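Asks: the sequence and its predicted three-dimensional model are supplied below.
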There are 2 protein chains.
Amino acid sequence: MNGAESLIQTALNCGVEVCFANPGTTEMPLVAALDGNARMRAVLALFEGVVTGAADGYARMTDRPALTLTHLGPGFANGIANLHNARRAHSPIVNVIGDHATWHLKADAPLTSDIESLARPVSAWVRHSSSAGAIAADTAEAIAEAMRVPGRTSTLIVPSDCQWSEAGAAAGPRPAGAPPPAAPDSAVRAAAGILKRDGANSVLFMGGAAVRERGLKAAARIAAASGCRLMCETFPARVERGGAMPPVEKLPYFPEMALEAFAKSSSVILAGARAPVAFFGYPNLPSVLIPEGRTVATLATLEQDVALALEALADLIGASRTAPVRAGKGPAARPTGALDPSTIGAAIAAMMPEHAIVMDEAATTGMPFFGASMSAPAHTYLALTGGAIGQGLPCATGAAVACPDRRVISFQADGSAMYTLQALWTQAREGLNVTTLLCNNGRYRILQVELARAGVTEPGPTARSLTSLGNPNLDWVALAQGMGVPGVRVETAEALSEELARALKEPGPRMIEMMI
Amino acid sequence: MNGAESLIQTALNCGVEVCFANPGTTEMPLVAALDGNARMRAVLALFEGVVTGAADGYARMTDRPALTLTHLGPGFANGIANLHNARRAHSPIVNVIGDHATWHLKADAPLTSDIESLARPVSAWVRHSSSAGAIAADTAEAIAEAMRVPGRTSTLIVPSDCQWSEAGAAAGPRPAGAPPPAAPDSAVRAAAGILKRDGANSVLFMGGAAVRERGLKAAARIAAASGCRLMCETFPARVERGGAMPPVEKLPYFPEMALEAFAKSSSVILAGARAPVAFFGYPNLPSVLIPEGRTVATLATLEQDVALALEALADLIGASRTAPVRAGKGPAARPTGALDPSTIGAAIAAMMPEHAIVMDEAATTGMPFFGASMSAPAHTYLALTGGAIGQGLPCATGAAVACPDRRVISFQADGSAMYTLQALWTQAREGLNVTTLLCNNGRYRILQVELARAGVTEPGPTARSLTSLGNPNLDWVALAQGMGVPGVRVETAEALSEELARALKEPGPRMIEMMI
């Protein structure tokens, strides 16, 4: 068994079963090891941003890491943007990067670079394996580090000579990780006191495990008993919604609106979320979005057992033992007329099947969807966590690999989609059930808004040019076709509903280009 | 004048006239400043790897920096791979990255990251501007640093509040940089002694300015007088070729062949190039590609005046004062038959117009072209310098921006093209005269070769899958069409010649997909 084989076998022993890969020459022994071990599913992507974004989507849906396999510093660098998003999503990921042979590094060959400097900003743990024999233990440690609650990114750099040299046995299985610690009783009691005092004037602000099924059931009990508002982060990693899940507001994006959302509340209880901050700094607006004078208390941090804390809080305030049952609603009406953010949001809400996974990187066009889908069938919602655009198509790809029995709706802005459009090819190759709803508004609409916010209300030719995707217009049906994904263009809400219904019945990926 | 305006005005004062941009919210004041100053040409790209690769191509053709404008750490990270190539090409580039407002950084907003850790591996100089008033001087210094011989990358990080706050006057013009120092006389005398001793058994191994027109004319005199071989690096940043330029061998890629290329020589004289090293380390092969026992002498380093050193050497060995005149050849015959690396190389050589710029990222398919085009009309050849694939389409784009009167041939491998295919859109928007010759062999052919070199001569399904671009096949005519570039597919050498002739007469970009 060589070092590369010990890496793959150790990963399997530790429960890692998927490798998203874009390998190069320094990873050939790892490719050979994958070739010899069919239990590890190897998924090729034609760009590293797809590799890392897919690993993020896979981790969000399984709570387990996949391996990523990328080529030296520059190849890895192409995956950094989506690793940044994964870091903000607290997704467990194990990056494996091949490096030059140890003795070749001093030659400063063309592809040599400082991989660690590139990796550290997006990795909680970085290791450069020093020998073939060390790889098994390094791999096991990388996986254990990635699995630390709430989830982190590990990066393991393996020189090619360590991959091809003889190693000892593989390591694993992974010892059971420590469970997350419980939130202190004092935090639960403090939150109960706030709810008793402020009732409907308090907000339970949630992230992480608080917006998964168990956490939300407890939150629903708390809201029913106290009258508090339930709110989640603007860009949550994963929220369970619709069906039996309680309605949860999403904090608005722009800081003025976010401040306004808290304005009428006296207190904010944080559960698995930090106090929200503005996405960007603006003149005369604060960084922290909770207005001054509000009581802010942490019930449980992301590193603690958030669901347990919510249950304890529900019990302490004497909430009913069972979550309130939501009144079933019939299917929402299909919208009619022109495509715009509202009709698009309504159409998706009306058409989405039970247990759909919606990856929302629809930017400005996507804003009405969250409200429109509050009473939709049970579904999972994933958002762009770190602001590094180009996350949607890859993350949808990884979610579909993780959940082959569920339908993935990739609700996607055009400008953002261009960063990682190569994901469509992987969807086609793997036959993934991903329906891309591509919002073609032909512009970086958010930047036009931001330009106006910066005082440029009458942009000249250069500012218009730098925020426009026109001249020439992108043709997303052609782009999808070029990568083996069948597509269709729609211009009305009726056509969108029809095509979405059709796409959701067919196996494999499909592109629906929505002209706005 | 705010900080952003002082940055743009300073750059103009220092002779920087183009900004390749993919801005975000933290760069809005810079977008507004560009909007207010039409002398700075702003070129939008829909992915940062296109931005940085275009700046590299522009720098190679003008020897001057362009600005790049990217968004915070993750946006910049998308441009790292092509900055790595630019670093290996010694291209002057000035990166401008917007950052959060200084007071907003402590909020750890979603897009916050360690930008400097990301920038250092690809930047010779990094500065985080501390105030609006500092930006002008920082910009001037960034440009001066980038222009240090032979050319480097500067990275200037400008917080958004420094951009929007009032600043003093712009800086500039740039003081004339120090000329490169002359190589020591002793180096010239040593090289002359080697040539006298070894004659035809010596190799003049060239890079940097040695393979520009002035250096090559001196090299031709040296070769004519001494009988030495002229050889350039495997992946040169820029070589002038064809027409009156002397024939120059290119060092082969695989180390066995490179070692063989030097085997019959007794000595190697380095002019603007380091001693060549293997691209990758392989078992039982050395890092350095000059076999042991050879005399290796440095005539001039990249940081010295290489052309002057070559002229001094030519004079010292008593070479004829004028470069030998190459016998003019008629146009090469057009090849016939199936498309393969040889017929493709021959077709391009036969059809290329005088003063064409050929950007070669054709990987395995491109190998025969260099030899086939030795007697072609005068042209400029650019190669993938740093091994980070995805450089060709962006670099061709930047070269076309730099040289609107010349035809650019973007000779491109399919696997590599997928990393930065967004460049096609910028070519369409800017109406650039770039003809992409896309080699569709449906595989990462080089990896299949490397897999065999690693001992996997009968790859199984996973290894075949991870090195194949098939299932589904990419359709490059559709991909180009999706980005506004007209395209055509060819399957024979005759069709290639015809379509290439047609494309080279038309304005604007065109895609010719070559099915191999």
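Replies: That came through fine.

Asks: neighbours of residue A:472, how many?
Replies: 15 (other C-beta atoms under 10 Å in any protein chain shown). Backbone N, C-alpha and C define where each C-beta goes, glycine included.

Asks: quick check: it touching residue B:427?
Replies: No - taking contacts as C-beta atoms under 8 Å, residue A:472 lies outside contact range of residue B:427: 10.1 Å.

Asks: which residues touch residue A:452?
Replies: Applying C-beta atoms under 8 Å, 6 or more residues apart in numbering or on different chains to residue A:452 gives no contacts.

Asks: quick one: it is in a helix?
Replies: Yes - counting by DSSP: H, G, I helix; E, B strand; the rest coil, residue A:452 falls inside a helix.

Asks: where does the stretch 251-400 of chain A come near chain B, residue by residue?
Replies: A:277-283, A:287-288, A:385-388, A:390 (C-beta under 8 Å from any C-beta of the partner chain).

Asks: just the buried positions in the helix or strand hosting residue A:463, please.
Replies: Per DSSP states H and E: residue A:463 is located in helix A:461-466. By neighbour count on 16 or more other C-beta atoms under 10 Å in any protein chain shown, the buried set for helix A:461-466 is A:462-466.

Asks: strands of the stretch 51-200 of chain A, residue ranges please.
Replies: A:67-71, A:93-99, A:125-128, A:153-159 (DSSP state E, counting those that start in this stretch).

Asks: shaky segments in chain A?
Replies: A:327-330 (pLDDT under 70).

Asks: what about the residue in the stretch 151-300 of chain A positioned nearest to chain B, how many neighbours?
Replies: Taking C-beta to the nearest C-beta, chain B has its nearest neighbour within the stretch 151-300 of chain A at residue A:281, 3.0 Å off. Burial of residue A:281 is recorded as 24 neighbouring residues (other C-beta under 10 Å).

Asks: ok, now residue A:133?
Replies: Going by other C-beta under 10 Å, the residues that sit close to residue A:133 add up to 17.

Asks: kindly export stretch A:245-262 (C-alpha atoms) in CSV.
Replies: The C-alpha coordinates for stretch A:245-262 follow below in CSV (Å, rounded to 0.1, in the frame of the first residue of the first chain):
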residue,chain,number,x,y,z
MET,A,245,-41.9,23.7,10.0
PRO,A,246,-42.9,27.0,11.7
PRO,A,247,-42.7,30.2,9.6
VAL,A,248,-39.4,31.9,10.2
GLU,A,249,-38.6,35.4,9.0
LYS,A,250,-35.3,36.0,7.2
LEU,A,251,-33.3,39.1,8.3
PRO,A,252,-33.4,41.6,5.3
TYR,A,253,-30.2,42.2,3.4
PHE,A,254,-29.8,46.0,3.4
PRO,A,255,-28.8,47.4,6.8
GLU,A,256,-31.5,50.0,6.9
MET,A,257,-34.2,47.3,6.5
ALA,A,258,-32.4,45.0,9.0
LEU,A,259,-32.3,47.7,11.6
GLU,A,260,-36.0,48.3,11.0
ALA,A,261,-36.8,44.7,11.4
PHE,A,262,-35.4,44.8,14.9
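
Asks: what residue of chain A is the furthest out?
Replies: Most distant residue from the mean C-alpha position of chain A: residue A:107, 39.4 Å away (C-alpha atoms, centre = their mean).

Asks: go ahead and confirm that residue touches residue B:278.
Replies: Yes - contact criterion C-beta under 8 Å: residue A:107 and residue B:278 qualify, at 7.0 Å.

Asks: what do the two both touch?
Replies: The contact lists of residue A:107 and residue B:278 share B:287-288, where a contact means C-beta under 8 Å, 6+ apart.

Asks: quick check: the residue lying closest to residue A:61 once chain neighbours are set aside vs chain B, distance?
Replies: Excluding its sequence neighbours, the residue lying closest to residue A:61 (C-beta to C-beta, 6 or more residues apart in numbering or on different chains) is residue A:402, at 3.9 Å. Separation of residue A:402 from chain B (C-beta to the nearest C-beta, to the nearest Å): 19 Å.

Asks: show me what contacts residue A:402?
Replies: So residue A:402 contacts A:57-58, A:61-62 (C-beta under 8 Å, 6+ apart).

Asks: could you do residue A:236 as well?
Replies: Counting by C-beta under 8 Å, 6+ apart, residue A:236 has contacts A:207, A:211, A:250, A:381-383, A:385.

Asks: what separation is there between it and residue A:365?
Replies: 19 Å (C-beta to C-beta, to the nearest Å).

Asks: over to residue A:233?
Replies: Residue A:233 is 20 Å from residue A:365, by C-beta to C-beta.

Asks: repeat that for residue A:302.
Replies: 30 Å.

Asks: those two: who's more crowded?
Replies: More crowded of residue A:302 and residue A:365, by other C-beta under 10 Å: residue A:365, with 27 against 19.

Asks: residue A:149: neighbour count?
Replies: What residue A:149 shows, counting by other C-beta under 10 Å, is a neighbour count of 20.

Asks: grab the nearest non-local neighbour of it.
Replies: residue A:180 (4.2 Å).

Asks: surely that neighbour is in contact with residue A:307?
Replies: No - look at residue A:180 against residue A:307 with C-beta under 8 Å: they stay out of range, at 9.5 Å.

Asks: so which elements touch the helix or strand containing residue A:261?
Replies: Residue A:261 is part of helix A:255-263, with elements assigned from DSSP H and E. Helices and strands touching helix A:255-263, by 3 or more C-beta pairs under 8 Å, 6 or more residues apart in numbering or on different chains; DSSP states H and E: there are none.

Asks: tell me the angle the following helix or strand past that helix makes with helix A:255-263.
Replies: Using DSSP H and E, the helix or strand that follows helix A:255-263 in sequence is strand A:267-271. Between strand A:267-271 and helix A:255-263, the angle comes out at 100 degrees (axes from the mean of the first three to the mean of the last three C-alpha atoms, to 10 degrees).
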